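[1] dropping a prediction and its sequence here:
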Amino acid sequence: MLILLVEDNEANRVLMKDILTLTGNKILEAGTGEEGVRLAQKHKPQLIFMDVELPGMDGITATKILKQDARTRDIPVVAVSSYYDEKEKRLFLANGGDYYLSKPIDVELVLATVRRFLPDI
């Protein structure tokens, strides 16, 4: 299976990729919301981890675009936010997001989230 990781911060991207690699899935990486949308439309991953704060197009806007597109609307999108913000969480979910995680990254929670959305792995 393929997981798309959309994260602009290199240290966070490396950490998340290392964690996601433990699941045995292939990981595709994007550093911007625009690139994330393009890669999701092209490769149709089974799960997307989307940073909320990205340069250019933010993760909420990227998620909204993906959820409005027939090619990608059924792909679960999990927000990864720098901090827990109830208003941001509501906005993300209102724009089609499926789940919301806040940093610092909890390895077990990330792995549990993958199992939640990809139970066949």
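    Happy to help now that I have it.
[2] the spatially most central residue of the chain pairs with what?
    Against the mean C-alpha coordinate of the chain, by CA atoms, centre = their mean, the closest residue is Phe49 at 1.4 Å. Beta-bridge partners of Phe49, counted by DSSP bridges, are Leu5, Val78.
[3] pLDDT score assigned to it?
    With respect to pLDDT, Phe49 scores 98.
[4] start at 37 instead
    Yep, numbering from 37; the last one is Phe85 now.
[5] isn't it up against Ser117?
    No: Phe85 lies out of contact with Ser117 (CB atoms under 8 Å); the separation is 11.1 Å. C-betas here are computed from N, CA, C, even on glycine.
[6] where does this structure dip in pLDDT?
    157 (pLDDT under 70).
[7] how about the helices in it?
    Counting by DSSP state H, the chain has helices at residues 46-57, 69-79, 95-104, 122-130, 143-153.
[8] who are the packing partners of the longest one?
    Using 3 or more CB pairs under 8 Å, 6 or more residues apart in numbering; DSSP states H and E as the contact definition, the elements that helix 46-57 packs against are strand 38-42, strand 62-66, strand 83-87, helix 143-153.
[9] mean neighbour count, the ones you listed: which tops it?
    Among these, strand 83-87 has the highest mean neighbour count (mean count of other CB atoms under 10 Å), at a mean of 27.
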